[in-house]
Each structure stands twice: as structure tokens, then as C-alpha cells.
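> okay, predicted coordinates and the sequence, questions at the end:
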Amino acid sequence: MIELQPFLTRMARTRLGAWSPALTAASRFRLTEDMHGDLLRWETALAELPNIPVETIQLNSAAVGCQPAQPLAHELAQELREALQRLHPWRKGPFSIHGIDIDTEWRSDWKWQRLANAIAPLDGRLVLDVGCGNGYHGWRMLGAGAELVLGIDPTLLFVMQFLAVNRYLRRDDIAVLPLATTDLPPTLTGFDTVFSMGMLYHRRAPLNHLEELRRLLRPGGQLVLETLVCEGDERQVLVPPDRYAGMRNVWFIPSVAALKIWLQRCGFVGVQVIDISRTTVDEQRTTEWMCFQSLADQLDPANAMLTREGLPAPTRAIVLAERSER
Ligand SMILES: Nc1ncnc2c1ncn2[C@@H]1O[C@H](C[S@+](CC[C@H]([NH3+])C(=O)[O-])CC(=O)[O-])[C@@H](O)[C@H]1O
């Protein structure tokens, strides 16, 4: 079963402590309520991870992970690789666990590089990462000095991948809880930094999501928002008529100018765009650890500037903003 206690005990010692029991209850409810058909298989994969003493852990290199004191014997390395492969598809990373390099669908380290030097330093901060996937960026946040990182993601497989990595890194100052933003206690607040990356366009009511994020921050706290954007002025918002790059659940893709207005309307100040990048097929691609289709399969074969549906190909912006003091 998923062990939540070490993190929640640690959280109980911070100013967020009052919400620790409610988060425990919400996570347990989700785990029993949503008993995923594959959960048993994933738990078996976790249980089959071999015991290997850790010599060093790496949080500040592109590949998050750990190294053993000596290179693993061939059979042990094979055992580890096979247990990790049972948690396929690995979307966010890369990770390197005792010499096994998990080459994930996304080079999530590229996104981290784009924002790491622009955000308010994370030293001593209480951080929330909503829609955190398997927690890759959370590890980088700890590496950057965060005091505590709470990641939430309702996709149980990603929670299991986090637990596989933490089986070796053994930290109690980071967690990925199996929660959606709507499962969070409505009074929860006080984070110094909240990350919402790759989430906004999946929400049918994006302004409600921005309101949620504002509420979760302490006054003056920083939002780090990463989302798909379209070209155009403040009146431009793309609403895909059906799928977008193969995804059924993409609802609103604002222009950067419209996004700034959304943020201001939702009580954020100091809105600052720190990056705009087109997502390339080098950043998101099929690998041995994610063998399904990826971005290249969703672009127009005759024009890489368009998706298969004839919409502008994915471009993402990273925006910083502060919760106003009101
Ligand atoms: N209501 C919800 N509440 C919380 N999480 C959700 C919800 N709905 C979906 N998710 C989760 O949000 C994540 C979106 S991926 C971004 C990962 C990471 N942040 C990244 O920036 O690489 C998108 C992308 O691939 O960019 C998935 O893990 C979902 O399970």
C-alpha cells in the first residue's frame, strides 16, 4: 500500500500542518475509491524493485536519480530495469537509477532550464506542484533548496513512478499525492510558490483554475504557470473544435496577451513572461520507456507548424505572477 505518513508527518511540522490530516484522508479516499485495475500490478512492480544501497543521489543534474557504491552486477541491473519497465509509460524525466537510464517521453529538464534562474529562489520555500506527473520537477525543486514539495496528480501510475524513484532516494520532504486540484481541502493556503505546468489548457474553466492557484498561495507568493499559447492580441483565444494534437481534453489556448489579462482579473500582479518556446519533436518523443505515439505522430506530415487537425503546432509560455496582498 502507498505509504503517505513520513511526508505528512514532516508537513505537520510546517505552517501547512493544519491540513495534513485532511490531505491524508483525501489521499486514502482516492486510493480506495479509484482502485485502479492496474494498481495491483504496479504495486507488484514496486515490491520487486531490488534492495540496492545508495551511495549518492542527484537532484541537480538533468537525470534525477542515484548511484550505487559499485556498478551493479548484470543480473541485478536486469532485475531493476525490468521492474522499472513494468511502470511503462514513463512520460516525465529523465531519471537515472543505479545506472539504469530512464529516457522518458519528455525532456522535462529542458522546461526546468527555461525557468530555474528566473523564478524567486526556492530556498526554504513550501512548494506546491499541481498536475506534477511523476514528480520530476519536484525533485529539481528540492535540488534548488525548497523546504517541502507537495506534488499532486490524479493519475495513479505517475504516483507509482514517484514511489519507485523515492524507494531509492528515500526523502520525506517531497510527495506526489493521488489528488486532483478539486480534491484539495478548500481552505488550504500558505504555499510560497505554486507551479501549474501543462495544466491550464486541460481545464474547462481556466479562470477557476487560476482562482484556485491564487487561493493556494500566501499573499505575495509566486505562481509559475506554464501553458500552451496561440499567436495574437488580447482578444485571441483558440478553442479547438475537437481534438488538439490528438488530445481530447484541450479546451482553451490563450494568446500571451489574453493570458496576462486572465491572470490580472484573477488577482495576480507583476505578471511576467519568461519564456515562449515551440515544443519540438526532440523535446517530446517516443522512446524505449514510452513506446506509444508522441508529438511527431500528431503533427501535419507536410507542415510541422501545424497539428494533424490543422491547428497551430504546440507553443508554450512560462509566466510568473504574484498573489496580490488583498
Ligand atoms: N484536475 C487535475 N488536478 C491535478 N492534476 C491533473 C488534473 N487533471 C490532469 N492532471 C494531471 O496533469 C498532468 C498534465 S501533464 C504536465 C506534467 C508536468 N506538470 C509537466 O509540466 O511536465 C501535461 C503535459 O504533458 O504537459 C498529468 O499528469 C495529469 O494526470
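Here it is on my side, so go on.
> so which bits of the protein are right by the ligand?
By the rule CB under 6 Å from any ligand atom, the part of the chain lying against the ligand is 92, 108, 111, 130-133, 152-155, 158, 180-181, 197-199, 202, 226. C-beta: built from backbone N, CA, C; applies to glycine.
> any idea how many residues pack against the nearest residue to residue 2 once chain neighbours are set aside?
The shortest distance from residue 2 to any non-neighbouring residue, by CB to CB, 6 or more residues apart in numbering, is to residue 31 (6.2 Å). Using other CB atoms under 10 Å, the number of residues around residue 31 comes to 18.
> what does residue 132 give?
Residue 132, neighbours per other CB under 10 Å, totals 29.
> all strands for the stretch 51-200 of the chain, in order.
Secondary structure of the stretch 51-200 of the chain by DSSP state E, counting those that start in this stretch: the strands cover 56-58, 64-67, 95-97, 100-102, 126-130, 148-152, 174-177, 191-197.
> among those, which is nearest residue 253?
Residue 253 sits nearest to strand 191-197 of all those, at 15.0 Å, using CB to CB.
> pull up the pairing partners for that closest one, direction included.
Paired with strand 191-197 in the same sheet, following DSSP bridges, are strand 126-130 (parallel), strand 217-228 (parallel).
> now these in CSV, with mean pLDDT, distance to residue 7 and mean neighbour count?
Below are the strands paired with strand 191-197 laid out as CSV (pLDDT from 0 to 100; distance: least, CB to CB, whole Å; neighbours: other CB atoms under 10 Å):
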stretch, mean pLDDT, distance to residue 7, mean neighbour count
strand 126-130, 98, 13, 24
strand 217-228, 98, 20, 21
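> quick one: closest of those strands to residue 167.
Per CB to CB, nearest to residue 167 of the strands paired with strand 191-197: strand 126-130, 20.0 Å.
> gap between the closest one and the chain center?
10 Å (CA atoms, centre = their mean, to the nearest Å).
> what lies in contact with it?
14-16, 135, 137-138, 141, 146-152, 181, 190-197, 199, 213, 216 (CB atoms under 8 Å, 6 or more residues apart in numbering).
> pull the CA atoms of it into PDB?
Presented in PDB, the C-alpha positions along strand 126-130 are these (Å, rounded to 0.1, in the frame of the first residue of the first chain):
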ATOM      1  CA  LEU A 126       7.000  25.500   0.800                       C
ATOM      2  CA  VAL A 127       6.100  24.500  -2.800                       C
ATOM      3  CA  LEU A 128       3.000  23.000  -4.400                       C
ATOM      4  CA  ASP A 129       3.200  21.500  -7.900                       C
ATOM      5  CA  VAL A 130      -0.300  20.800  -9.300                       C
END
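> who is the closest residue to residue 119 other than its chain neighbours paired with across the strands?
The spatial neighbour of residue 119 that comes closest, neighbours along the chain excluded (CB to CB, 6+ apart), is residue 224 at 5.6 Å. In this structure, residue 224 bridges to residue 195, residue 320 when assessed by DSSP bridges.
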